[in-house]
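Participant: no letters, just coordinates:
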């Protein structure tokens, strides 16, 4: 796993010095230990494949429509009572 080091520290067990900003390749157990002790964060393994087109306009419109329908239902329910 790859870990970006957040601050300088010395790993006594493995006899390694890690410096801030360094990207280190370590085993999973060591990476999780670093994250638990706030010494760095794991860089996700991302594969480059074909590009994906995201149409934000449609998703924003559909979300707005769904929210307005929910609000209408809530208002109708309060008016009848």
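Facilitator: Cool, got the structure. Quick caveat, the model's predicted, so the values are computed rather than measured.

Participant: between the two ends of stretch 16-33, how far is it?
Facilitator: Stretch 16-33 has its terminal residues 14 Å apart, counting by C-alpha to C-alpha, to the nearest Å.

Participant: next, the buried residues of stretch 7-15.
Facilitator: Using 16 or more other C-beta atoms under 10 Å as the test for burial, stretch 7-15 gives residue 9. The C-beta positions use only the backbone N, C-alpha and C, and glycine is treated the same way.

Participant: now do stretch 23-31
Facilitator: So, applying 16+ other C-beta under 10 Å, buried residues of stretch 23-31: 24, 26, 30-31.

Participant: dump those to JSON lines, plus distance to residue 1.
Facilitator: Formatted as JSON lines, the buried residues of stretch 23-31 follow (distance: C-beta to C-beta, whole Å):
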{"residue": "24", "distance to residue 1": "9"}
{"residue": "26", "distance to residue 1": "6"}
{"residue": "30", "distance to residue 1": "8"}
{"residue": "31", "distance to residue 1": "4"}
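
Participant: show me which helix or strand of this structure is least confident by mean pLDDT.
Facilitator: Lowest on mean pLDDT, DSSP states H and E among the helices and strands of the chain sits helix 56-80, with a mean of 58.

Participant: tell me the mean pLDDT for stretch 29-44?
Facilitator: Over the span of stretch 29-44, the pLDDT mean works out to 91.

Participant: what is the end-to-end distance of it?
Facilitator: End-to-end for stretch 29-44, by C-alpha to C-alpha: 15 Å.

Participant: go on, stretch 21-33?
Facilitator: Using C-alpha to C-alpha, the two ends of stretch 21-33 sit 17 Å apart.

Participant: which other residues reach that stretch?
Facilitator: Stretch 21-33 is contacted from outside by 1-5, 11, 14, 18, 34, 40, 42-43, using C-beta atoms under 8 Å, 6 or more residues apart in numbering.

Participant: taking these, tell me the two that lie furthest apart.
Facilitator: Greatest spatial distance among these (C-beta to C-beta): 14 and 43, at 19.2 Å.
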